[in-house]
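Trainee: Give the three-dimensional model of this entry:
(chains A and B)
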There are 2 protein chains.
Amino acid sequence: MAKQMNKNDAITGRDVDFAQWYTDVCRKAELMDYSSVKGFINYLPYSYAIWEEIQAYLNKKFKAAGASNVYLPMVIPSSLFNKEKEHIEGFAPETLVATIGGGQELADPLIIRPTSEVLFSDMYKRLVSSYRDLPKAYNQWCSVVRWEKTTRPFLRGSEFLWQEGHCLFETEEEARKNALDILEAYDALGKELLAIPFVKGVKTEKEKFAGAVATYSIEALMHDGKALQSGTTHYLGQGFADAFGIRFLGRKNVQEIPHQTSWGVSTRLLGAIIMVHGDDNGLVLPPNVAPIQVVIVPIRQDAPGVLDKCREIEAKLNELGIRVKLDDSDHTPGWKFAQWEMKGVPLRLELGPRDLESDSVCLVKRVNGEKKVASIPEIEASIPSLLQEIHKDMYEKAKAHLDANVTEVRDPEHLISVLNVGGYAKMMWCGDAACEAKVKEITNGGTARCMPFDEKPFADTCPICGKKADKVVYFAKAY
Amino acid sequence: MAKQMNKNDAITGRDVDFAQWYTDVCRKAELMDYSSVKGFINYLPYSYAIWEEIQAYLNKKFKAAGASNVYLPMVIPSSLFNKEKEHIEGFAPETLVATIGGGQELADPLIIRPTSEVLFSDMYKRLVSSYRDLPKAYNQWCSVVRWEKTTRPFLRGSEFLWQEGHCLFETEEEARKNALDILEAYDALGKELLAIPFVKGVKTEKEKFAGAVATYSIEALMHDGKALQSGTTHYLGQGFADAFGIRFLGRKNVQEIPHQTSWGVSTRLLGAIIMVHGDDNGLVLPPNVAPIQVVIVPIRQDAPGVLDKCREIEAKLNELGIRVKLDDSDHTPGWKFAQWEMKGVPLRLELGPRDLESDSVCLVKRVNGEKKVASIPEIEASIPSLLQEIHKDMYEKAKAHLDANVTEVRDPEHLISVLNVGGYAKMMWCGDAACEAKVKEITNGGTARCMPFDEKPFADTCPICGKKADKVVYFAKAY
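Mentor: Numbering: from 1, shown residues only, chains lettered A, B, ... in the order given. The predicted model follows:
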């Protein structure tokens, strides 16, 4: 069967072939371009601008949490990288390694950073000597490299953009609080900016970060029922600090080892936005991250007064700080509608000669096609509130999808059928890694996404081994 | 002779040993930390925050010039890198090369980007096919790696932070205009943010960028009389576009080759700030980039009302958007004065019991130690204007230093003596590369910094060869 095409014939239908739909949207909405470097992409202005909105939001949150931005080298000497055993075992297989510098072979090859716990720990060793130097809370925005065999734009790439926070504290309590506070900040990013509801929780031992004592995560549910790990925070305990020789003179005048955290989100979030909100006509962007929030499409733009009025409205919206674009190109209105739908602009404003007569415009919400007529003199009040309404619409739609796709399972057959369809299977678990591995095997790839906070046990045995269970785990297939 | 120490005994005197003074300031003002990766530094919060101010300023300028931010891969396949001959010859000797990925030897080794003309050209080949696709104007903020044998914080490092703009135009005229417009933006950055006057001009053939038709630069003069190239813009002609096969269908319906530019400034600018403005007591920061613009130092902070009033003033200044810090630590006021002088905070506000009585504060300018008494009720007006006054003081001081250090030279002996003392030797030049090389030889390293715009010839022969000369060149020793 030939692939069915939707009205926007540039892209595959979302429910026809989700993977192909995703790639089509990435390219046709001009989010990215496949670079000539295999596994690496070019982030085009339209995706990079979304990333900049995320950066601005998180920078405020990080500052409120006491963190400052810094920048550390992009390379880590092999000799240094080998200091923390679990960490090196987790990352070594997927590193890119530089062996030649200035034409000479390097005595100590340089690993392109896959993450920077090592460099931060090495630096903190020099910067910290007393409890007065604590806490230390630094963050960097950078890219990291992980040599991946199969890659997908934004979701899995050999290089991706992210931020990584690295903090040191006197006590375990402070460190764990930091990891949870930042998880809250990430959750708020979903609620306030991305219109994405996350499931928040703690990872199982098997799924936690290489070298961490505990890993917390936010997990998003894509339209196709797969989960996407969207951010993690780690309580690293004292392992890195110990391995790197970080000590401080404590309040009781004895040498102590500080407690460490690290945390990060990446451009995977762009993948989440696409796969949570997108539809058959392309991208659907939440207003608070959209590079263009309102597009003005003139109808019969050659008619007297139409373009002038459009420009007047554009100027008004600009003044309000709304990101607006007037499309006065030569294309037909129909072409423009399809184009800006593909690019997911949250609100379209149409204005033609008839609207001019009635001193009104037609406003169309991208998320659901809903139309409203608004009087031009009141537009400065109606558009900002409409954008917030759209944000709410989108969040609620995504929340409804998430809620409808969490299923309690009490036996292996049900677990298998839920993960076959998609969504989360909520299961009691004994805590045994063997049962976790068994789930993966029988479901053909389902993994423990996290153990959500505040979940109450709904049964008392593990359906895999039949033993006593007190942990609630969300299993899903994941990107 | 033992090194003399100034009143701030943590650092070497500026005129005692300028190089050592520079390193001392970098470390004692907590701008950077030497990383364990040889030749690479850690940018600490205090320098990174300055860089963020520069980014915010330039992002506005770039946007106004029609450029958008993007992000391209940090690695360039060797096969791609080899396409533009002059370019590869210029950069190959100082590259860092990755040869192993995921444990396997790479068939096509990956060069860590030293600059990204190659990747942008390769991308533009896919994105551009018609004159309607032009201009294309993209910029990226990233780090680049150049394998350097001798490195100095901010001035020359194996890795540094920068921005690189890459644009394509239909015509040479537009491209050259773009290169000059951005040079103007860089110059404005100096005037408005860094309080640094630049000499603007065009580079000689010898000094231009590898692969460019013309290179324009801004050059700053450091306190020790050496020049620092602080930013460059390049008209690349059609060379890269041709080598990478970029073609577009022009207005006359024939295939054409676009004209290209690239431009960048880097964290060298932090080095310029330090070496133009710093003094024996440490850093002196221009108010518009200072991470802390006003530091409040309480005098007898245990006296009734003192800390409360300090906090009240802190809150008021915060509300005005002024970056303020109240130092209520346990240290003595004298210690605090020295500490915040070292960190170059532009304005110190002192408040003690006596000031409380007179409802006033004492304000001290970092740049010249000038003191003013200001009434507390009027502080919201006086401090912002004082900060702008400080900016002006600093710019004028730097401008006076520059103006006093440009000397017309008409014979080789004078040239040699000027470059021995420091500053610019302004010389007529025939245009022959042999004379330029001769200057370097006889002055022990003096190079043509640039040929400033709008300079009128002041003689008609080249003092090196005696032939006819119509070019005015500024020679200097440079970082």
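
Trainee: Now do the helices in the stretch 201-350 of chain A.
Mentor: Applying DSSP state H, counting those that start in this stretch to the stretch 201-350 of chain A gives helices spanning A:239-243, A:268-277, A:306-319, A:333-342.

Trainee: can you list these in TSV and add mean pLDDT?
Mentor: Formatted as TSV, the helices of the stretch 201-350 of chain A follow (pLDDT from 0 to 100):
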stretch	mean pLDDT
helix A:239-243	94
helix A:268-277	98
helix A:306-319	97
helix A:333-342	97
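
Trainee: Comparing those, which comes out most buried?
Mentor: helix A:268-277 (a mean of 25; mean count of other Cβ atoms under 10 Å in any protein chain shown). Where you see a C-beta, it was placed from the backbone N, CA and C, and this is true even at glycine.

Trainee: count of residues packed around residue A:253?
Mentor: Using other Cβ atoms under 10 Å in any protein chain shown, residue A:253 has 7 neighbouring residues.

Trainee: Check what pLDDT it gets.
Mentor: Listed pLDDT for residue A:253 reads 97.

Trainee: Next one: it from residue A:130, what distance?
Mentor: Relative to residue A:130, residue A:253 is positioned 10 Å away (Cβ to Cβ, to the nearest Å).

Trainee: As TSV, the helices of the stretch 201-350 of chain A with distance to chain B would be great.
Mentor: Below are the helices of the stretch 201-350 of chain A laid out as TSV (distance: least, Cβ to the nearest Cβ, whole Å):
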stretch	distance to chain B
helix A:239-243	14
helix A:268-277	12
helix A:306-319	13
helix A:333-342	14
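
Trainee: Export the ones you listed as JSON lines, with columns for distance to residue B:307.
Mentor: Listed next are the helices of the stretch 201-350 of chain A as JSON lines, based on distance: least, Cβ to Cβ, whole Å:
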{"stretch": "helix A:239-243", "distance to residue B:307": "35"}
{"stretch": "helix A:268-277", "distance to residue B:307": "43"}
{"stretch": "helix A:306-319", "distance to residue B:307": "42"}
{"stretch": "helix A:333-342", "distance to residue B:307": "56"}
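
Trainee: so which of those comes closest to residue A:159?
Mentor: helix A:268-277 (12.8 Å; Cβ to Cβ).

Trainee: Using PDB, write down the CA coordinates of the closest one.
Mentor: The C-alpha coordinates for helix A:268-277 follow below in PDB (Å, rounded to 0.1, in the frame of the first residue of the first chain):
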ATOM      1  CA  ARG A 268      15.700  15.900  23.300                       C
ATOM      2  CA  LEU A 269      13.100  18.300  24.700                       C
ATOM      3  CA  LEU A 270      12.600  19.500  21.100                       C
ATOM      4  CA  GLY A 271      11.800  15.900  20.200                       C
ATOM      5  CA  ALA A 272       9.300  15.800  23.000                       C
ATOM      6  CA  ILE A 273       7.600  19.000  21.800                       C
ATOM      7  CA  ILE A 274       7.300  17.600  18.300                       C
ATOM      8  CA  MET A 275       6.000  14.200  19.300                       C
ATOM      9  CA  VAL A 276       3.600  15.300  22.100                       C
ATOM     10  CA  HIS A 277       1.900  18.100  20.200                       C
END
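
Trainee: what helices or strands is it leaning on?
Mentor: Secondary-structure packing of helix A:268-277 (3 or more Cβ pairs under 8 Å, 6 or more residues apart in numbering or on different chains; DSSP states H and E): helix A:18-28, helix A:45-64, strand A:214-221, strand A:227-237, helix A:379-403.

Trainee: so it versus helix A:45-64, what angle?
Mentor: 110 degrees (axes from the mean of the first three to the mean of the last three Cα atoms, to 10 degrees).

Trainee: How far does helix A:268-277 sit from its chain's centre?
Mentor: Mean C-alpha position of helix A:268-277 versus that of the full chain (Cα atoms, centre = their mean, to the nearest Å) differs by 7 Å.

Trainee: again with stretch A:142-153
Mentor: For stretch A:142-153, the distance to the chain centre is 15 Å (Cα atoms, centre = their mean).

Trainee: Please apply the same query to stretch A:388-397.
Mentor: 18 Å.

Trainee: Now do the buried residues in that stretch.
Mentor: A:389, A:390, A:391, A:393, A:394, A:395, A:397 (16 or more other Cβ atoms under 10 Å in any protein chain shown).

Trainee: next one: stretch A:400-413
Mentor: A:401, A:402, A:405, A:406, A:407, A:409.

Trainee: Now the closest residue to chain B within the stretch 201-350 of chain A: closest residue in space that isn't a chain neighbour?
Mentor: Going by Cβ to the nearest Cβ, chain B is nearest to residue A:267 of the stretch 201-350 of chain A, at 8.8 Å. Among residues not flanking residue A:267 along the chain, residue A:161 sits closest, at 4.6 Å (Cβ to Cβ, 6 or more residues apart in numbering or on different chains).

Trainee: partners of the one you found in the sheet?
Mentor: According to DSSP bridges, the partner residues bridging residue A:161 are residue A:143.

Trainee: Against residue A:154, how distant is it?
Mentor: In terms of Cβ to Cβ, residue A:161 sits 10 Å off from residue A:154.

Trainee: just for the stretch 151-300 of chain A, where's the confidence low?
Mentor: Nowhere does the stretch 151-300 of chain A drop to pLDDT under 70.

Trainee: So which bits of it are right by chain B?
Mentor: When proximity is defined by Cβ under 8 Å from any Cβ of the partner chain, the stretch 151-300 of chain A lies next to chain B at A:158, A:159, A:161.

Trainee: Could you dump those into CSV and include neighbour count?
Mentor: Below are these laid out as CSV (neighbours: other Cβ atoms under 10 Å in any protein chain shown):
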residue, neighbour count
A:158, 26
A:159, 24
A:161, 24
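
Trainee: who touches residue A:162 in this structure?
Mentor: Going by Cβ atoms under 8 Å, 6 or more residues apart in numbering or on different chains, residue A:162 touches A:141, A:142, A:143, A:144, A:264, A:265, A:266, A:267.

Trainee: which element is residue A:165 on?
Mentor: strand A:159-169 (DSSP states H and E).

Trainee: What is the subsequent helix or strand relative to that strand?
Mentor: That would be, after strand A:159-169 and using DSSP H and E, helix A:172-189.

Trainee: the inter-axis angle of that next one versus helix A:45-64?
Mentor: Taking the same axes, to 10 degrees, helix A:172-189 and helix A:45-64 form an angle of 140 degrees between their directions.

Trainee: For helix A:172-189, which residues meet the burial criterion?
Mentor: A:174-176, A:178-183, A:185-187, A:189.

Trainee: Can you report how many residues lie near residue A:465?
Mentor: Neighbour number of residue A:465 under other Cβ under 10 Å is 14.

Trainee: Distance-wise, check it relative to residue A:434.
Mentor: 8 Å.
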